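# sequence? don't have it. structure:
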């Protein structure tokens, strides 16, 4: 069927205005068509629907559509495809229109299905898509290339990769859209091997490689093992003249950065002639994710001087870079910048801001941003809870987690790991067990991060049996898991079991890190195993290639000091080749006090005084040693020095959890509701100790007891 000759010029004019997206001229022509009574022509009416739909005026398109007396399949297609191009917001209307179309017995064609499947993919509604798929089979449109490509796209976006692949394999004809859609589907799900397999099949079929295919396959290459394949695709892009297309250059920069090959990423970035904000963002994000935060911030500065307007993704990458190096002042500058550029309302930006302030220790500013948003976004809640934990405000973290639960917001594995760390730091075993139950309820108990946090929590709370149970049930154990259990065993007096677990770790082929060695040396210290400690200390660098740090030297000094080998410990400190500050002399000082080696202790203490120690315990220990030696002038000198340097003794603090309630005790604090009973019990115990002949040490006699 063709357009009647008397309406041909009007029809051609409508087509021209539609191609030009000329809404105003189209409206004038619409008025003219109504005036000369030509609206009854279905071709003109359909063209008007199409004009308004393509110009984005869907309400007007729908009004014209509803006034068509004899609607045909083209009438429906114009409106359906118009709404399908508006994304998920209008996709439900598309599904309703399709149902009405079927109710009026209008037979859909390939163009109808293309729009409907696009809408179903936007809605992630696989069930509705399956129903329409069945209708497409019945109406013999199933094998049309456009219908097939739309179906593949729908299944990919719904995450049904097997269904998408089945559809792709039975398509009698494929175009570049079909290939790039299938490749992109695999790439989105991080199935790089499958994406590369489809790409190879496409090359074998002599299909032309365009920019959409190249960007699709490159987006799936996000691990170092795929960088060689990425380089081959890079060469192919050069050969086919695709490197001049900015989207291809951006995809290559992103690929190299995600694969950890920052030199090639930078080279590609510098050779890109037409850089846009995505190009800069890819390089900045690549640096930030690879730990080169300073380079990321410098590149952002260059971007600003080149007058390139950043996108929200660029700013998120920059804020993450500030977070990683705790660059609070630069983070504040970025905050000011994004306020000026109008990005303050973006949820991703604000979440990154909260995370930045929290990781930089500015927890008050982080909470201000969090309270301002009040969004039910799990990433935001997780950032705030993690920020509290990182800054030692564990009680606040648990309170916020309780509020999150009250609002019905479901946690993710990172949330649970942070909450478990809070319980671990507070040694709140009962609360930790409740959170453990939550991880099982939400299905996170098998996650590595959660398992590691649980092992650490149980170990720190002294519940080694529960910790071991969690550890043994983990399907995969990372370094944190092994370290948590070895540390727990070591700190709770199970040195032999710690050594056995260390040997088991080595037998499984897991290479220890510096933390593992600290834990093992700590176990040697608690058990008084000097020779074994020396063996592990030497093994660290000889067998595992770990450069000794201050922590390892501190462990060795502690091992020697606890074993009474104080002169050997002094020689070890003086021969140390690293900058250890004051911590090694501090450990030796404590050992000298315990073994009453007062002369050596005074030497260690005076070393700390020379270095300007700000630790009150060093002054107290040195003072007690001089008291024991009867050198009262030196006692007075140390106290004056302590006062002159503004060093104050922090009050001792401890807490215990009983019946799901945490009781906190601070030296001199009389605010506990049961303080009367506590003081009575302390007096009873003190009298019993004195009756049995116990005499307090000289340095402890002056400490103000809780019952004073």
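Arrived safely, thanks for sending. Bear in mind the structure is a predicted one, so any value in this text is a computation, not a measurement.
# Low-confidence bits of the stretch 251-400 of the chain, can you list those?
Regions of the stretch 251-400 of the chain meeting the criterion pLDDT under 70 cover residues 374-376.
# hey, where'd the helices end up in it?
262-271, 277-289, 293-305, 312-324, 328-340, 347-359, 363-373, 378-390, 394-406 (DSSP state H, counting those that start in this stretch).
# now the angle from the fourth one to helix 378-390?
What it means is helix 312-324. On the basis of axes from the mean of the first three to the mean of the last three CA atoms, to 10 degrees, helix 312-324 is oriented at 10 degrees to helix 378-390.
# Ok, the second one next?
Note on geometry: by the same axes, to 10 degrees, helix 277-289 and helix 378-390 are set 30 degrees apart in direction.
# and what of the shortest one?
Direction vectors for helix 262-271 and helix 378-390, defined by the same axes, to 10 degrees, enclose an angle of 130 degrees.
# And the contacts of helix 262-271?
Residues outside helix 262-271 that contact it (CB atoms under 8 Å, 6 or more residues apart in numbering): 227, 231, 234, 249, 252-253, 256-257, 275, 279, 282-283, 286-287, 290, 292. All C-beta spots, glycine's among them, are computed from the backbone N, C-alpha and C.
# coming back round to it: would a markdown table of the helices of the stretch 251-400 of the chain with mean neighbour count and distance to residue 53 be doable?
Output for the helices of the stretch 251-400 of the chain, formatted as a markdown table (neighbours: other CB atoms under 10 Å; distance: least, CB to CB, whole Å):
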| stretch | mean neighbour count | distance to residue 53 |
| --- | --- | --- |
| helix 262-271 | 17 | 40 |
| helix 277-289 | 24 | 29 |
| helix 293-305 | 18 | 38 |
| helix 312-324 | 24 | 29 |
| helix 328-340 | 16 | 36 |
| helix 347-359 | 24 | 30 |
| helix 363-373 | 17 | 36 |
| helix 378-390 | 23 | 36 |
| helix 394-406 | 17 | 43 |
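# Distance to residue 119 for the ones you listed - can I get that in a markdown table?
Below are those laid out as a markdown table (distance: least, CB to CB, whole Å):
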| stretch | distance to residue 119 |
| --- | --- |
| helix 262-271 | 37 |
| helix 277-289 | 27 |
| helix 293-305 | 38 |
| helix 312-324 | 27 |
| helix 328-340 | 34 |
| helix 347-359 | 25 |
| helix 363-373 | 31 |
| helix 378-390 | 28 |
| helix 394-406 | 34 |
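# So which of the ones you listed is nearest residue 555?
Counting by CB to CB, residue 555 lies closest to helix 378-390 out of these; the figure is 25.3 Å.
# ok so, going back, what's the closest of the contacts of helix 262-271 to residue 487?
For these, the nearest to residue 487 is residue 290 (29.3 Å; CB to CB).
# how about that closest one, what does it touch?
257, 260, 262.
# Could you rerun that using 6 Å?
Going by CB atoms under 6 Å, 6 or more residues apart in numbering, residue 290 touches residue 262.
# Quick check: it vs residue 328, distance?
Residue 290 is 22 Å from residue 328, where distance means CB to CB, to the nearest Å.
# Quick check: closest non-adjacent residue to residue 159.
In space, not counting the residues next to it along the chain, residue 159 is nearest to residue 189; the distance is 7.0 Å by CB to CB, 6 or more residues apart in numbering.
# The one you found: neighbour count?
Look at residue 189: counted by other CB atoms under 10 Å, it has 14 neighbours.
# Over to residue 476?
9.
# Give me the neighbour count for residue 467.
Using other CB under 10 Å, the number of residues around residue 467 comes to 23.
# show me what contacts the residue nearest the centre of the chain?
Residue closest to the mean C-alpha point of the chain, counted by CA atoms, centre = their mean, is residue 414 at 7.7 Å. Residues in contact with residue 414 (CB under 6 Å, 6+ apart) are residue 382.
# what separates it from residue 257, distance-wise?
Remark: distance between residue 414 and residue 257 (CB to CB) = 23 Å.
# still on that earlier bit, quick check: pLDDT value at the residue nearest to the centre of the chain.
Residue 414 is assigned 92 on the pLDDT scale.
# secondary structure class for it?
At residue 414 the chain is in helix, as set by DSSP: H, G, I helix; E, B strand; the rest coil.
# The residue nearest to residue 183 when sequence neighbours are not counted: neighbour count?
Nearest non-adjacent residue to residue 183, counting by CB to CB, 6+ apart: residue 216, 4.3 Å away. Applying other CB under 10 Å, we find 23 residues neighbouring residue 216.
# And the one 4 residues further on, by the same measure?
Using other CB under 10 Å, the number of residues around residue 220 comes to 26.
# From residue 185, how far off is it?
Distance of residue 220 to residue 185, given as CB to CB: 10 Å.
# The chain - how does it break down into domains?
According to the TED database, the chain comprises the domains 1-69, 71-173, 653-707.
# Am I right that residue 614 is in a strand?
No - Residue 614 is assigned coil when assessed by three-state DSSP, not a strand.
# Can you report how many residues lie near it?
Neighbour count of residue 614, defined by other CB under 10 Å: 14.
# and it, what does it touch?
Residue 614 makes contact with residue 647 under the criterion CB under 6 Å, 6+ apart.
# Equivalent analysis for the one 4 residues further on, please.
When contacts are counted by CB under 6 Å, 6+ apart, residue 618 is found next to 586, 608.
# so it, which of the three states?
Here residue 618 is helix, with the state taken from three-state DSSP.
# what's the pLDDT at it?
82.
# do the same with residue 145
Note for residue 145: predicted pLDDT of 85.
# Distance check, the residue nearest to residue 183 against residue 232.
From residue 216 to residue 232 the distance is 15 Å (CB to CB).
# Okay, now the unreliable bits of the stretch 101-250 of the chain?
By pLDDT under 70, the low-scoring segments of the stretch 101-250 of the chain are 124-126, 140-142.
# At which residues are the helices of it located?
Listed in chain order, the helices of the stretch 101-250 of the chain (DSSP H, counting those that start in this stretch) span 110-123, 126-138, 145-157, 161-170, 176-188, 192-204, 211-218, 227-239, 246-258.
# JSON lines please, covering the ones you listed and showing distance to residue 422.
As requested, the helices of the stretch 101-250 of the chain are arranged in JSON lines below (distance: least, CB to CB, whole Å):
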{"stretch": "helix 110-123", "distance to residue 422": "39"}
{"stretch": "helix 126-138", "distance to residue 422": "39"}
{"stretch": "helix 145-157", "distance to residue 422": "38"}
{"stretch": "helix 161-170", "distance to residue 422": "38"}
{"stretch": "helix 176-188", "distance to residue 422": "35"}
{"stretch": "helix 192-204", "distance to residue 422": "37"}
{"stretch": "helix 211-218", "distance to residue 422": "41"}
{"stretch": "helix 227-239", "distance to residue 422": "39"}
{"stretch": "helix 246-258", "distance to residue 422": "32"}
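# Secondary structure element holding residue 663?
Secondary structure from DSSP states H and E places residue 663 in strand 661-666.
# which one is residue 287 nearest to, not counting chain neighbours?
residue 296 (3.7 Å).
# residues contacting residue 537?
Taking CB under 6 Å, 6+ apart as the contact definition, residue 537 lies against residue 556.
# Just the pLDDT at it, thanks.
Listed pLDDT for residue 537 reads 93.
# how far away is it from residue 553?
As defined by CB to CB, residue 537 lies at a distance of 9 Å from residue 553.
# again with residue 575
Separation of residue 575 from residue 553 (CB to CB) stands at 10 Å.
# Comparing these two, which residue is more hemmed in?
residue 553 (21 against 7).
# check contacts around that one.
576, 580.
# State the helix or strand in which it lies.
Residue 553 belongs to helix 550-562 when assigned by DSSP H and E.
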